[in-house]
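Enquirer: Whatever this is, show me its structure:
(2 chains)
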Amino acid sequence: MMPADAMDPRLHRAHEVLRNAGLRGARVAAAGHEKEIAAISAPADELDGLLAGDADSVIQELRKLGFRYVAVDLAPVA
Amino acid sequence: VQDKRQRLTDCLRAYGSVLVGYSGGVDSVFLAKIAVDLLGPDSVLAVTGKSDSLPSWMEDTARGVAERFRIPWLEVATEEMADPRYTANPSNRCYFCKTELWTKLREVADERGLNVVADGANADDVGDHRPGAVAAAEHGVRSPLLEAGLTKAEIRRWSHELGLPTWDQPAAPCLSSRLPYGLEVTPERLRQVEAAEDALRALGFRDFRVRHHGDVARLELHPSEMMRLIGSTAAVRDAIGRGGFARALLDLEGYRRGALNEGLATARLVQLGSA
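Expert: Sure thing, here's the model as predicted:
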């Protein structure tokens, strides 16, 4: 069975947004009961960068794809 | 501002006696205190509607301030959780809760012979999505702070002058406001939110919301508290885990008042003043 994420047309573009922002280790998935959240998982260094601010363009681009919220997972990926 | 203070005084004097819907928040605490100072304790009753959606710390504040400032206080159980129109969590959820609240409070006012039922709505509340204000209007609830034109900042300043501990308390709407519209309100979900928020408060955070999105929590943190987060992400994650959420997400845009209304079409927004 294919994971639900693989069928979400927003996610391919969402990953491009992350790559273009230089977030090479980060991934994004749709989360929430209506899949309305772009949930970014990132390695510790990239997570720190996102938390330190300067994520405006990533937020705007992901919202344009149809996500109502843009959020990062507080658990860094290894 | 002096004019506004005079207008509030005139308003309350004209009431003669008043029952204040008293949540333990900045506005209703201020209103109850002013009313007692002006009309005396025999002519004022502050009433808190108690249900699962009232955070315990708000209830404690309500009780504590009432005791310390000798505000006659009563707690009344409200049954909005028994109303399926409420628990279905539509965008006008607040209407059903406030209908229940003001019905109960009107009964108390009638029993005690209090002339007027009043709430703490203020001049800054005009324009927000407030279906609860419709219920207030339907029950003849007066909003003296709004009628006097007092803004939140002015109420905070005056509260400070009066020595009220609530003067700098963050805005604190009910726990159901942490659930996106359409996600059913259950006592268990409200307890999850409260457990996570209590744990975050214990870490020193003050201005934030834990939004419940089913299996994940989305933390909205006020920009002024982002610094506190740096270096303590693990502790924050654990705090949110106390609420039983599988995943802790941090919203990159931070805490925004009424954020869950952002998905609503304008036509579905009910605004105080237009209602």
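Enquirer: Do a quick rundown of the helices in the chain.
Expert: You didn't say which chain, so I picked chain A. A:9-20, A:44-51, A:56-64 (DSSP state H).
Enquirer: wrong one, chain B
Expert: With DSSP H as the criterion, chain B has helices spanning B:2-15, B:26-39, B:56-68, B:84-87, B:93-112, B:131-138, B:144-147, B:152-161, B:187-202, B:226-229, B:233-241.
Enquirer: rank these by pLDDT, which is bottom?
Expert: Ranked by mean pLDDT, the helices of chain B end with helix B:226-229 in last place, scoring a mean of 86.
Enquirer: In PDB, could you pull the C-alpha coordinates for that one?
Expert: Output in PDB follows, covering the C-alpha atoms of helix B:226-229 (Å, rounded to 0.1, in the frame of the first residue of the first chain):
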ATOM      1  CA  MET B 226      11.000  32.400  21.100                       C
ATOM      2  CA  MET B 227      14.300  33.100  22.900                       C
ATOM      3  CA  ARG B 228      13.100  30.900  25.800                       C
ATOM      4  CA  LEU B 229      12.700  28.100  23.300                       C
END
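Enquirer: Below-threshold pLDDT in chain A: ranges please.
Expert: When residues are selected by pLDDT under 70, those of chain A lie in A:1-6.
Enquirer: Contact residues of it facing chain B?
Expert: Within chain A, the residues that sit near chain B (Cβ under 8 Å from any Cβ of the partner chain) are A:31-34, A:36-37, A:39, A:47-48, A:50-53, A:55, A:58-59, A:68-76. Where you see a C-beta, it was placed from the backbone N, CA and C, and this is true even at glycine.
Enquirer: If we use 7 Å, what do you get?
Expert: Selection of chain A residues close to chain B by Cβ under 7 Å from any Cβ of the partner chain yields A:31-33, A:37, A:39, A:50-51, A:55, A:59, A:68-75.
Enquirer: what's the neighbour count on the residue of the stretch 51-200 of chain B found nearest chain A?
Expert: Nearest to chain A, among the residues of the stretch 51-200 of chain B, is residue B:183, at 5.7 Å (Cβ to the nearest Cβ). Look at residue B:183: counted by other Cβ atoms under 10 Å in any protein chain shown, it has 20 neighbours.
Enquirer: Tell me how far it lies from residue B:169.
Expert: Here the distance between residue B:183 and residue B:169 works out to 27 Å (Cβ to Cβ, to the nearest Å).
Enquirer: on that earlier part again, okay if I get the helices of chain A as a markdown table plus distance to residue B:112 and mean neighbour count?
Expert: As requested, these are exported to a markdown table (distance: least, Cβ to Cβ, whole Å; neighbours: other Cβ atoms under 10 Å in any protein chain shown):
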| stretch | distance to residue B:112 | mean neighbour count |
| --- | --- | --- |
| helix A:9-20 | 57 | 15 |
| helix A:44-51 | 52 | 17 |
| helix A:56-64 | 51 | 16 |
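Enquirer: now those as TSV including distance to residue B:152?
Expert: Shown next, in TSV, are these (distance: least, Cβ to Cβ, whole Å):
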stretch	distance to residue B:152
helix A:9-20	37
helix A:44-51	29
helix A:56-64	27
